[in-house]
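A.B. asks: I'd like to go over a predicted model; first the sequence, then the structure.
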Amino acid sequence: MGNWDIAISDKYWHDTYLESTEMITRSGVGVEGAPDDPPRFRGYPGIRLCPLPQRIPDAIGSLADAFLDRPPRITDPGVIEGHTLGTLLYYGYGLARVDMGPVSGWPYHRTVPSARCFYPTELYLWLPDGPDFAAGVYHYDQLHHALVPLRDGDHRELIGDAVDADLAGASAVLILTSHLWKTAFRYRDYAFRLCTQEAGMVAGNLLMVASALGLTGAVHFRFLDEVLDRLVCLTEGEEQPLAVLPLHAAKEKAEPASLLAGLAERRARLRTVPADLGLAGATYEMAVNSRIGDLGELQPIAAAPGPDLARALRERNSGGTFFKPTNEPVDAEVLHRLADAMLPYRSDTGSAPMCRLYVIVQHVTGVEPGVYRLPDMDRVTDLQPDRLGLGLGPPVMDMRSVNVLCYPVSDRREMTTRFGNRGFGVANADAGVVTQRLCVLAGAAGLAARPVNGYHVPAVQNLLGITDPALLPMFQVGIGHRNITAQYEMPIIF
Ligand SMILES: Cc1cc2nc3c(=O)[nH]c(=O)nc-3n(C[C@H](O)[C@H](O)[C@H](O)COP(=O)(O)O)c2cc1C
């Protein structure tokens, strides 16, 4: 058995996407609160925590910056200072909200969604020597917003060998694992699908936050598992590395020197005008004292910076236990913004995202209901509203009142051919990156976005006009205006 014994993933693709109800019935479900229900937060008793700066900024940069593709600086690595690191980890995968009230399902919420708030993804990081932290490997402890030191020393070359990349210029390396039992205690055989989807969402979110903070990140799916197991001290068989994200300082923006070069000479060639125009009093005083001789006196006004990523992440919400949007239409502009979910991200798989993005438009002002493909808004087919009630399991979302339904769609055949069994996790994580972007872009527009797995795949393929059975809808994301609920939602701000 091994990665190229693809009968294993062929069966798993089939069971988790086409026969999920049967699979879950067969393997049974665990009970939340039972003795085998693991804790929601990882603790390392006996290890002294290294606190991260306990003040998180409430603005971190425009959402547009979260999608910038800045070239990385591959020599002269910058050290990420403690304040930026704390901001990156908190907004990237921190504890952001506690929900309470008669209808609240699960109390602890992070900046990234998680099926039933189990949060199987664990975040480790390698840091070089810096003023705030010594070189070594750490675990991010969300509950205390602190780092847990696991192993000291500079392991840059070892990690580089494990991911087959030169990390000489890396300022940090993030390692995402999945502690499978945190989800498997409940979902048993089905859990690997959820774990890989969530790891991708966390990766996608970390990329966005890193980019807003001026860092460049890439997702590596090709790595030597065992090396990483040992490096981050995993118990074999319990936890699995799923993605590695080296972070580099981005190349500085080009200085405006090209504009200034030759300015003095051009100015000298200009015809001079008499200095004293005879103006007097306040007018003269205002005119003279509004002049600038150095452009640095005034900072350029950024063109339409748009909403801040921090605000979008705080607004991100899955819509409560039962998501029943208000049915109020949204503006067509929202669809154009959602298209950003398909902007490229850096990955060792080559061009990414690898999935396609289908949307069902229901209540969008100025856009005819129907099925479209983003980012170009190509119309695929008409909407068949009578076929929308396609949920599996108990209802969790009012399908008819969501404004838009989004479906990242992956080519199962292509993923297996390229990556073997690993292709299952890669496809789920890739769709996860896109899904998290959708959730955050919806948050920025003041909308909730509910990722849901409980849908009947062949029926959704049919609804989307997909005829190739290898093209699988990996997620269903309903987007709409939230209704008032009897739920108290308190932000956690460090
Ligand atoms: C991979 C994944 C699968 C999910 N599947 C479902 C689902 O099938 N049904 C559902 O009601 N919610 C589903 N959710 C949504 C979570 O239950 C929801 O995100 C969680 O309650 C956290 O709420 P928050 O996103 O508002 O913080 C899923 C979330 C993820 C990440």
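C.D. replies: Looks like it came in fine.

A.B. asks: which bits of the stretch 201-350 of the chain sit near the ligand?
C.D. replies: 201, 317-318 (CB under 6 Å from any ligand atom). Placement of C-beta: from N, CA and C, glycine included.

A.B. asks: Swap in 5 Å and give it another go.
C.D. replies: 317-318 (CB under 5 Å from any ligand atom).

A.B. asks: Could you check how many residues crowd around the closest residue to the ligand within the stretch 201-350 of the chain?
C.D. replies: The ligand sits closest to Ser318 of the stretch 201-350 of the chain, with a gap of 3.2 Å, by CB to the nearest ligand atom. Neighbours of Ser318 under the rule other CB atoms under 10 Å: 23.

A.B. asks: mind listing what the residue of the stretch 351-494 of the chain found nearest the ligand touches?
C.D. replies: Closest to the ligand within the stretch 351-494 of the chain is Val396: 3.2 Å, counting by CB to the nearest ligand atom. By CB atoms under 8 Å, 6 or more residues apart in numbering, the residues touching Val396 are 321-323, 450, 452, 454.

A.B. asks: Phi and psi next, for Thr183.
C.D. replies: Main-chain dihedrals, Thr183, degrees, to the nearest 10: phi -110, psi -30.

A.B. asks: shouldn't it be in contact with Cys195?
C.D. replies: Yes: taking CB atoms under 8 Å as the definition, Thr183 is a contact partner of Cys195 at 5.5 Å.

A.B. asks: of those two, who's got more company?
C.D. replies: Cys195 (30 against 26).

A.B. asks: give me the residue from the stretch 51-200 of the chain nearest the ligand.
C.D. replies: For the stretch 51-200 of the chain, CB to the nearest ligand atom, closest residue to the ligand: Pro113, 3.0 Å.

A.B. asks: What about that residue, how many residues nearby?
C.D. replies: 24.

A.B. asks: returning to what we had before: mutual contacts of Thr183 and Cys195, please.
C.D. replies: By CB under 8 Å, 6+ apart, Thr183 and Cys195 have these common neighbours: Pro120.

A.B. asks: Skipping its backbone neighbours, what lies nearest Asp36 in space?
C.D. replies: Phe185 (5.3 Å; CB to CB, 6 or more residues apart in numbering).

A.B. asks: That neighbour - that's part of a strand, no?
C.D. replies: No: Phe185 is assigned helix when assessed by DSSP: H, G, I helix; E, B strand; the rest coil, not a strand.

A.B. asks: wait, what's in contact with the closest residue to Ala212 other than its chain neighbours?
C.D. replies: Distance criterion CB to CB, 6+ apart; nearest residue to Ala212, sequence neighbours excluded, is Gly61 at 3.7 Å. Gly61 makes contacts with 212-214, 308-309, as judged by CB under 8 Å, 6+ apart.

A.B. asks: Hmm, Pro451 is touching Leu194, no?
C.D. replies: No: counting by CB under 8 Å, Pro451 does not reach Leu194; the two are 10.3 Å apart.

A.B. asks: Now Ala64: closest residue in space, sequence neighbours ignored.
C.D. replies: Nearest to Ala64 is Gly306, by CB to CB, 6+ apart, at 5.2 Å.

A.B. asks: Show the model's pLDDT score for the one you found.
C.D. replies: Looking at Gly306, its pLDDT reads 84.

A.B. asks: same deal with Ser290?
C.D. replies: Looking at Ser290, its pLDDT is 75.

A.B. asks: did I read that right, it in a strand?
C.D. replies: No: read with three-state DSSP, Ser290 is coil and lies in no strand.

A.B. asks: Need phi/psi at it.
C.D. replies: Backbone geometry at Ser290, expressed as degrees, to the nearest 10, gives phi -100, psi 0.

A.B. asks: Quick one: neighbours of it, just the number.
C.D. replies: When counting by other CB under 10 Å, one arrives at 7 neighbours for Ser290.

A.B. asks: Can you list the low-confidence ranges for the stretch 251-400 of the chain?
C.D. replies: For the stretch 251-400 of the chain, the stretches with pLDDT under 70 are 252-285, 287-288, 292-304, 389-390.

A.B. asks: residue ranges for the strands of it, please.
C.D. replies: With strands called from DSSP state E, counting those that start in this stretch, the stretch 251-400 of the chain shows them at 330-331, 356-361, 364-365, 370-374, 378-381.

A.B. asks: For the last one, enumerate the helices and strands it packs against.
C.D. replies: Contact here means 3 or more CB pairs under 8 Å, 6 or more residues apart in numbering; DSSP states H and E; on that basis strand 378-381 packs against strand 370-374.

A.B. asks: which helices and strands does the strand it packs on pack with?
C.D. replies: Judged by 3+ CB pairs under 8 Å, 6+ apart, strand 370-374 is in contact with helix 332-338, strand 356-361, strand 378-381.

A.B. asks: got those as a markdown table, with mean neighbour count columns?
C.D. replies: Output for the helices and strands packed on strand 370-374, formatted as a markdown table (neighbours: other CB atoms under 10 Å):
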| stretch | mean neighbour count |
| --- | --- |
| helix 332-338 | 17 |
| strand 356-361 | 23 |
| strand 378-381 | 13 |
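
A.B. asks: now the contacts of Gly61 as a markdown table including neighbour count and distance to Gly480?
C.D. replies: Below are the contacts of Gly61 laid out as a markdown table (neighbours: other CB atoms under 10 Å; distance: CB to CB, whole Å):
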| residue | neighbour count | distance to Gly480 |
| --- | --- | --- |
| Ala212 | 26 | 26 |
| Leu213 | 21 | 30 |
| Gly214 | 17 | 33 |
| Asp308 | 20 | 23 |
| Leu309 | 27 | 22 |
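
A.B. asks: Among these, which pair sits farthest apart?
C.D. replies: Gly214 and Asp308 (14.5 Å; CB to CB).

A.B. asks: Tell me the residues of the stretch 51-200 of the chain that contact the ligand?
C.D. replies: Contact residues, the stretch 51-200 of the chain versus the ligand (CB under 5 Å from any ligand atom): 109, 113, 115, 194, 197-198.

A.B. asks: mind listing which of the residues you listed are in helices?
C.D. replies: Of those, the ones assigned to helices by DSSP state H are 194, 197-198.

A.B. asks: Can you tell me the closest non-neighbouring residue to Met377?
C.D. replies: With CB to CB, 6+ apart, the residue lying closest to Met377 is Leu335, at 6.8 Å.

A.B. asks: Test my guess that the one you found contacts His363.
C.D. replies: No: the pair Leu335 and His363 fails to qualify as a contact (CB under 8 Å) at a distance of 11.5 Å.
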